[in-house]
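> need the 3D shape of this:
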Amino acid sequence: MHKSNSYCFFLMVLIAIEVGCQSSSWNKSLPFSQDLGSHRGYRLARTITHLHSPISYDACDEGNPNCLNNLRSALCDNHIDFAFLTDHPNRMASTDFSDLHLSLPGDQSLLLNGNVIGNQFSCNDSQKVQVMAGYEDKLMPIGMTKHLDPDSEIRNSLYGQSTSDLVSRLQTETNAIVMVPHTESRTNEHLANLGMNVIEIYNLHSNINPTIRTNFLGMDYFSGLVDLSVYWVDPYARQQPDLAFISFLKVSPIYAKKWDYLISNGKQIVGIAGNDSHQNFFSGIANDGDRVDSHRRLTRWIVNYFLVNDMTLSEVKGSISSGKGWVVFEGFGTPVGIDFYAKNGDSTAEIGGSLSFQNGNSKIHAEIPTLHNESPQSGSKPLVIIHLKKVALDSSGNESEVANSVGTSLDYTVDGAGAYRIEIGIVPLHLINYIGFKKQLVTQEMPWLISNHIYIQ
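Prediction:
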């Protein structure tokens, strides 16, 4: 080993030994989504909308025979209800469509007109995971019901394109929800001209990748990432590896600016978060017995919740398309009781919906969420802050915070038309006994939830 590398390794070991103690109790699974609360006939479905299967070359280490089982176990452990796969088209396009859904013997194929459109598998508990296929390139269609063309070479060529014509074909011929991933690298004009209505407003992989951080997110190349070493080199198990994301997590304002621009220019754009889990960048074993980059760990950090009437693929696809959902940084803990709606008297607009502005009568309510009792609890209680944001509908792209509430629910009388969303922050003091290195990180406000919009016009 090179002398300088030896010194760095020795220093990391010393840091790991010297940091404070963590509590020994930690739940490696997320709660069932049925425990998250319900209202007005809806319940919440925990969903991942950007995920790679072993069909993608980089879902796991190349040739890893356990990749499929690792991924299926992760979805079970975190009680994911719907997993929308987004494999790379260089392999996805050449694979028969019926083989794209994490299937194993004993699973239940999901059919449409006799054709396989998805898969459902059961976990060791009562959890059932429903899976549909898609791909990630310049576009990211999810929930496809078939390939776009019977010829694999033709569809491989098509899947690499990014045009409004392709968006239309994917929507009409494959019943896909067409998204744009990695919007940090796309121009506003390009996004506006595609004709899709869903974009990523956060991507975990981009947040970690040093090059993307520097070139597109306005972050330092290694800012926060070096601190990950404390979670990798921890011989006395004094750090909770599931909290490693705290060292680098930041939601760049670039995402909100692109989202706001599209909405201000007359487009009702749905925002989702891309988990983009890859179990291929660090094979070391953390102190909890899992790989540092395990799918179980990464798929709990960032998910999407959607309002549904029932747990069917058609229902959740409809909710995604209409923006009935939240981005949830569930690594901080599972929120219970989230709610966000607008009212004119007896008329209610759910998240993703619209309402006519009535001066003095249009009101918004945002409920303050609490931590699920299975979430990590230690030290003090967290501080939760609701921020109500308004996006102008006049092509300016202007966004402003019109109200906020600390520790309590928020009620707001609307003063004019706009697209309204809530961003809920958390000061995660409840995690203080699980983190020894840089305890100040849990005394700062972090993102917990980002809602889609309610449009008051």
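
> where does the stretch 101-250 of the chain have low pLDDT?
The model of the stretch 101-250 of the chain has pLDDT under 70 over residues 224-225.

> and with 80 instead?
Low-confidence segments of the stretch 101-250 of the chain, defined by pLDDT under 80: 221-238.

> so what's the spatially closest residue to residue 53 that is not a sequence neighbour bridging to?
The spatially closest residue to residue 53, leaving aside those adjacent along the chain, is residue 85, at 5.1 Å (CB to CB, 6 or more residues apart in numbering). Where C-beta positions appear, they are placed from N, C-alpha and C, glycine not excepted. Beta-bridge partners for residue 85, by DSSP bridges, are residue 51.

> going forward, count from 51.
Will do, 51 is the new start, and the previous item becomes residue 135.

> give me the pLDDT value at residue 135.
Per-residue confidence (pLDDT) for residue 135: 97.

> just confirm it contacts residue 182, I think it does.
Yes: applying CB atoms under 8 Å, one finds residue 135 in contact with residue 182, separated by 7.0 Å.

> pull up the overlap in contacts between the two.
Shared contacts of residue 135 and residue 182 (CB atoms under 8 Å, 6 or more residues apart in numbering): 151, 192.

> the more surrounded of these two?
Ranked by neighbour count (other CB atoms under 10 Å), residue 135 and residue 182 place residue 135 first, with 29 against 24.

> now do the same contact list for that one.
By CB under 8 Å, 6+ apart, the contact list for residue 135 reads 101-103, 105, 150-152, 181-184, 192.

> between the residues you listed, which has the most around it?
The most crowded member of the contacts of residue 135, judged by other CB under 10 Å, is residue 183 (31 neighbours).

> show me what contacts residue 358?
Residues in contact with residue 358 (CB under 8 Å, 6+ apart) are 92-95, 365-366, 369, 374.

> one more pass at 6 Å, please.
95, 365-366, 369 (CB atoms under 6 Å, 6 or more residues apart in numbering).

> now intersect those with the helices, please.
Residues of these located in helices (DSSP state H): 365-366, 369.

> quick revisit: can you tell me which of the contacts of residue 358 is nearest residue 210?
For the contacts of residue 358, the closest approach to residue 210 (CB to CB) belongs to residue 366, at 27.5 Å.

> ok, that closest one to residue 296 distance?
29 Å (CB to CB, to the nearest Å).

> in terms of packing, which of these two has more residues around it?
With neighbours defined as other CB under 10 Å, residue 366 and residue 296 compare such that residue 366 has more, 27 against 23.

> next one: the more buried one from residue 227, what distance?
Distance, residue 366 to residue 227, by CB to CB: 10 Å.

> before we move on, what about residue 344?
Plainly put, residue 344 is 28 Å away from residue 227 if you go by CB to CB.

> burial of residue 168, as a residue count?
Neighbours of residue 168 (other CB under 10 Å): 26.

> list the buried residues of stretch 178-196.
For stretch 178-196, a neighbour-count test (16 or more other CB atoms under 10 Å) marks 179-196 as buried.

> tell me which of those fall in helices.
Among the buried residues of stretch 178-196, no member falls in helices (DSSP H).

> narrow those residues to those in strands?
Residues from the buried residues of stretch 178-196 lying in strands, with DSSP state E as the criterion: 179-182, 190-192.

> export these to TSV and append columns for distance to residue 261.
Putting those into TSV (distance: CB to CB, whole Å) gives the following:
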residue	distance to residue 261
179	33
180	35
181	31
182	31
190	20
191	26
192	26
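
> closest one of those residues to residue 279?
Nearest to residue 279 among those is residue 190, at 32.0 Å by CB to CB.

> so the closest one touches residue 136, yeah?
Yes: under the criterion of CB atoms under 6 Å, residue 190 makes contact with residue 136 at 5.4 Å.

> each with direction, which strands does the helix or strand harbouring residue 414 pair with?
Following DSSP states H and E, one finds residue 414 within strand 412-416. Strand pairing for strand 412-416, determined by DSSP bridges: strand 390-394 (antiparallel), strand 460-463 (antiparallel).

> tell me which residues are up against the longest one.
Residues from elsewhere that reach strand 390-394, judged by CB under 6 Å, 6+ apart: 398-401, 405, 408, 411-416, 472, 501, 504.

> mind listing what's buried in stretch 323-340?
Across stretch 323-340, burial judged by 16+ other CB under 10 Å covers 323-330, 336-338, 340.

> same question for stretch 384-398.
Buried residues in stretch 384-398, counted by 16+ other CB under 10 Å: 384-386, 388-394.

> now do the same end-to-end measure for that stretch.
Start-to-end span of stretch 384-398 (CA to CA, to the nearest Å) is 26 Å.

> what is the neighbour count of residue 419?
When neighbours are defined as other CB under 10 Å, residue 419 has 24 of them.

> quick one: it and residue 222, what's the gap?
With CB to CB as the criterion, residue 419 and residue 222 are 38 Å apart.

> and stretch 147-155, how far from the chain's centre?
Counting by CA atoms, centre = their mean, to the nearest Å, stretch 147-155 is centred 23 Å from the centre of its parent chain.

> an error on my part: the question was meant for stretch 478-494.
On the basis of CA atoms, centre = their mean, stretch 478-494 sits 23 Å off its chain's mean C-alpha point.

> what do you get for stretch 415-433?
On the basis of CA atoms, centre = their mean, stretch 415-433 sits 19 Å off its chain's mean C-alpha point.

> ok, back up a step: so which bits of the strand holding residue 414 are buried?
412-414, 416.

> a markdown table for those residues, including pLDDT?
Below are the buried residues of strand 412-416 laid out as a markdown table (pLDDT from 0 to 100):
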| residue | pLDDT |
| --- | --- |
| 412 | 97 |
| 413 | 98 |
| 414 | 98 |
| 416 | 98 |
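
> out of the residues you listed, who's nearest residue 313?
residue 414 (16.5 Å).

> test my guess that the closest one contacts residue 460.
No: under the criterion of CB under 6 Å, residue 414 is not in contact with residue 460, lying 7.6 Å apart.

> sec struct for residue 349, please.
Following DSSP: H, G, I helix; E, B strand; the rest coil, residue 349 is assigned to helix.

> surely residue 169 touches residue 156?
No: using CB under 6 Å, residue 169 makes no contact with residue 156, being 10.9 Å away.

> give me the more crowded residue out of these two.
Higher neighbour count among residue 169 and residue 156: residue 169, with 23 against 7, using other CB under 10 Å.

> how about the more buried one, secondary structure?
Under three-state DSSP, the three-state class of residue 169 is strand.

> show me the contacts for it.
Residue 169 touches 151, 153, 157, 181, counting by CB under 6 Å, 6+ apart.

> swap in 10 Å and give it another go.
Listed by CB atoms under 10 Å, 6 or more residues apart in numbering, the contact set of residue 169 reads 133, 135, 148-154, 157-160, 179-183.

> many thanks, have a good one.
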